[in-house]
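**Student:** sequence and predicted structure, then a few things I'm wondering about:
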Amino acid sequence: MSIPQATDYTQVESIKIGSEGPQYRAVINKQFNKRYAARPDYVRLVNSNEQIVAAVEEAVSEGRRLVVTSGGHCLEGFVSDPQVRAIIDVSPMKRVYYDPEMRAIAVEAGATVGETFRALFENWGVVVPLGEFPQIGMGGHVVGGAFGFLCRQLGLAADYLYAVEVVTVDKDGRASSVVATREGSDPNRELWWAHTGGGAGNFGVVTRYWFRSPDASGDDPARLLPDAPGSITTFRAEWNWSDVDEPSFQRLLRNHGTWSEQNSDADSPNLSLWTLLIVHRKQLGKIIIRGLSTSGIGVGQQVANYLAAISEGIAAPQNRELTRMSWLEFALNPFPDLFAVPPGGVSVKVKDAMLKKPLTDRQITVAYDYMTRTDYDVMGGAFGFATYGGRVNTVAPDATASAQRDSIFDMACNTGWIDPQDTERNLQWVRAFYRDLFAESSGVPVPGDAYDGTFINHPDTDLADLTFNTSGVPWHTLYYKENYPRLQRIKAQWDPRNVFRHALSIRSA
């Protein structure tokens, strides 16, 4: 995977590109989830704040529903919405540089996660704990909170956000650019706060972020953010489904949950270890554990102890792999088999949940049933647990708009398919699986003792559908908890015309 440097500046003429142009197809086709297809009147490539202001104001004056795209990795049809008439593509805006006036490192919204990792490392040897897939665009990523491989050690990317630049639209339809910082004296501070987990597509067009650690001082860019890891050690192991019966499956998931719960505190000696357990349906044949550690000396023993803990009482995993590499080598191409996509892409449905506790025995029984039952032919069905907690959970739920600050897992039930004829079968399977996992809370992870809601960067429109969410708890509580009324007030102030909206967008009070 080739990730170019993201500090070059290439001038792009901002013009409307109609459906007959190849650039139109390039923008439309880059959307990751092929379940949705966009058909806007035009797309517009932009690479400056001024171009975005003009593009937004023109679309508003013409009465065209507009959306913004960066990397194109929204899991739902927020960009590929039939009602959208104009798409503004900020992907040409890729500059990453030190801003001496802000004393912070600026990243334009069109840079990808991989391009940002590269620029931060090669220029200053630092890192922001961004997400896992290097092709994700920064524009919609950070504003949703953003977590990745280093979250247990460093927290969320939003925890390092010092300022944001946003193009907003006033009640008269005039577009303008505003900069909001985390400084207590900044009159625009609430707009900054909204972009630390308030989700994309809600308040305006993000054009630029500035990053600086909350406790950083001075003006040396190499000291304003955490040092990048000296190296990364990855590991992978697997169990064949032919060797796993129901008691073994129960034991594996209980072991995995126990270890994760016991090692989720900020003072855990295993914060350097991040893991991802993925259980594929039995017809695919594998249960796979992947992970990484930033520990140097002793990492082999750390991984061995971890694998021994989660496989206690069952067969040990096979085909173990342990690989050490530089941070940048890993960040630009992490776990290649995990992120491989077939030519032409796939349709997907992801149903996310933040867990405060391991799954119960009842839930593990449900999972075993859905992984092994034969009345569904769903090759792409799976579910997984990404370890969470650590430094993430040291921040108060209202300090940023990212309210989920007490979780040990990000869990996802998902499925993917290629043939459109398989759509309904896959949707039925994943929806039923998720519903039955959370049956005691009416089909969704209602925030409470066991669950912490879900994560807006992994949106699921089912949560706003009373057919699937019968809990009486609205979707916005699942995503934002007690922070939602504050986000509503910010929405009313900065987007009074509701220009920036989608199926799960924040509504004014």
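**Tutor:** Cool, the structure landed.

**Student:** now do stretch 143-161: distance to the chain's middle.
**Tutor:** Relative to the mean C-alpha coordinate of its chain, stretch 143-161 is positioned 10 Å out (Cα atoms, centre = their mean, to the nearest Å).

**Student:** start to end distance for it?
**Tutor:** The first and last residues of stretch 143-161 sit 9 Å apart, counting by Cα to Cα, to the nearest Å.

**Student:** any idea of the mean pLDDT for that stretch?
**Tutor:** Within the predicted structure, the mean pLDDT of stretch 143-161 is 97.

**Student:** pull out the buried residues from that stretch.
**Tutor:** For stretch 143-161, the buried set under the neighbour-count rule, 16 or more other Cβ atoms under 10 Å, comprises 143-161. (Each C-beta comes from the backbone N, C-alpha and C, glycine too.)

**Student:** which parts of the stretch 251-400 of the chain are strands?
**Tutor:** In chain order, the stretch 251-400 of the chain shows strands spanning 273-280, 286-293, 318-325, 347-355, 382-387, with DSSP state E, counting those that start in this stretch as the criterion.

**Student:** scratch that, the stretch 101-250 of the chain is what I was asking about
**Tutor:** For the stretch 101-250 of the chain, strands defined by DSSP E, counting those that start in this stretch occupy the ranges 104-108, 161-169, 175-181, 205-211, 232-240.

**Student:** where does this protein have low pLDDT?
**Tutor:** Residue ranges of the chain with pLDDT under 70: 1-13.

**Student:** and the biggest helix by length in it, what other elements does it pack with?
**Tutor:** For the chain, the helix with the greatest residue count under DSSP state H is helix 246-262. If you count contacts as 3 or more Cβ pairs under 8 Å, 6 or more residues apart in numbering; DSSP states H and E, helix 246-262 packs onto helix 299-310, helix 361-372, strand 382-387.

**Student:** what do you get if the cut-off is 6 Å, keeping everything else the same?
**Tutor:** For helix 246-262, the elements it packs on are helix 299-310, helix 361-372, judged by 3 or more Cβ pairs under 6 Å, 6 or more residues apart in numbering; DSSP states H and E.

**Student:** give me the angle between it and helix 299-310.
**Tutor:** For helix 246-262 against helix 299-310, the angle between stretch directions is 130 degrees (axes from the mean of the first three to the mean of the last three Cα atoms, to 10 degrees).

**Student:** would you check that residue 146 makes contact with residue 157?
**Tutor:** Yes: taking Cβ atoms under 6 Å as the definition, residue 146 is a contact partner of residue 157 at 3.7 Å.

**Student:** who touches both of those two?
**Tutor:** Between them, residue 146 and residue 157 have residue 130 as joint contacts when contacts are counted by Cβ atoms under 6 Å, 6 or more residues apart in numbering.

**Student:** just to revisit the earlier point, out of the strands of the stretch 251-400 of the chain, which comes closest to residue 192?
**Tutor:** Residue 192 lies closest to strand 347-355 among those, at 23.6 Å (Cβ to Cβ).

**Student:** still on that earlier bit, out of the strands of the stretch 101-250 of the chain, deepest packed?
**Tutor:** Ranked by mean neighbour count under mean count of other Cβ atoms under 10 Å, the strands of the stretch 101-250 of the chain are led by strand 205-211, which reaches a mean of 26.

**Student:** okay, now the sheet partners of that one, with direction.
**Tutor:** Sheet partners assigned to strand 205-211 using DSSP bridges are listed as strand 104-108 (antiparallel), strand 161-169 (antiparallel).

**Student:** what residues does it touch?
**Tutor:** Strand 205-211 is touched from outside by 49, 52, 68, 102, 104-109, 128, 139, 142-143, 160, 162-167, with contacts defined as Cβ under 6 Å, 6+ apart.

**Student:** redo that, cut-off 8 Å
**Tutor:** The list of residues contacting strand 205-211 from outside it, by Cβ atoms under 8 Å, 6 or more residues apart in numbering, reads 49, 52, 56, 68, 88, 90, 93, 99, 102, 104-109, 128, 138-140, 142-143, 157, 160-167, 177, 181, 195, 200, 224-225, 500.

**Student:** now it, how far from the centre of its chain.
**Tutor:** Average the C-alpha atoms of strand 205-211, do the same for its chain, and the two points are 17 Å apart (Cα atoms, centre = their mean).

**Student:** so what's the residue count around residue 81?
**Tutor:** For residue 81, the neighbour count with other Cβ atoms under 10 Å is 19.

**Student:** which non-adjacent residue is nearest residue 284?
**Tutor:** residue 379 (6.4 Å; Cβ to Cβ, 6 or more residues apart in numbering).

**Student:** span of stretch 148-168 from start to end?
**Tutor:** When the end residues of stretch 148-168 are compared by Cα to Cα, they are separated by 29 Å.

**Student:** what's the answer for stretch 375-388, then?
**Tutor:** Its first and final residues considered, stretch 375-388 spans 33 Å by Cα to Cα.

**Student:** picking that back up, quick one: which of the strands of the stretch 101-250 of the chain is nearest residue 495?
**Tutor:** Closest of those to residue 495 is strand 161-169, at 6.5 Å (criterion: Cβ to Cβ).

**Student:** so how far is residue 74 from residue 214?
**Tutor:** According to Cβ to Cβ, to the nearest Å, residue 214 stands 29 Å off from residue 74.

**Student:** residue 275 too?
**Tutor:** Per Cβ to Cβ, residue 275 is found 26 Å from residue 74.

**Student:** try residue 139
**Tutor:** Applying Cβ to Cβ, one obtains 11 Å for the distance of residue 139 from residue 74.

**Student:** again, but for residue 155
**Tutor:** Relative to residue 74, residue 155 is positioned 24 Å away (Cβ to Cβ).

**Student:** same question for residue 497.
**Tutor:** 22 Å.

**Student:** show me which of the two is the more surrounded one.
**Tutor:** Just comparing residue 497 and residue 74: by other Cβ under 10 Å the higher neighbour count belongs to residue 74, 23 against 12.

**Student:** part of a helix, is that one?
**Tutor:** No: the assignment for residue 74, made by DSSP: H, G, I helix; E, B strand; the rest coil, is coil rather than a helix.

**Student:** list the contacts of it.
**Tutor:** Neighbours of residue 74 in contact, by Cβ under 8 Å, 6+ apart: 31-33, 140, 200, 459.

**Student:** scan those residues and report the most crowded one.
**Tutor:** Result: residue 200 is most packed of the contacts of residue 74 (other Cβ under 10 Å), 29 neighbours.

**Student:** leaving out the residues flanking it, which one is nearest to that one?
**Tutor:** Nearest residue to residue 200, sequence neighbours excluded (Cβ to Cβ, 6+ apart): residue 140, at 3.5 Å.

**Student:** tell me where the protein has helices.
**Tutor:** 22-29, 49-61, 113-124, 138-141, 151-154, 189-194, 246-262, 299-310, 327-332, 361-372, 423-437, 475-480, 484-494.

**Student:** would you format the contacts of residue 74 as JSON lines with distance to residue 321 included?
**Tutor:** Supplementary listing: the contacts of residue 74 in JSON lines, determined by distance: Cβ to Cβ, whole Å:
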{"residue": "31", "distance to residue 321": "33"}
{"residue": "32", "distance to residue 321": "27"}
{"residue": "33", "distance to residue 321": "30"}
{"residue": "140", "distance to residue 321": "33"}
{"residue": "200", "distance to residue 321": "36"}
{"residue": "459", "distance to residue 321": "33"}
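
**Student:** quick check, nearest of those to residue 508?
**Tutor:** When these are compared for distance to residue 508 (Cβ to Cβ), residue 200 comes out closest, at 17.4 Å.
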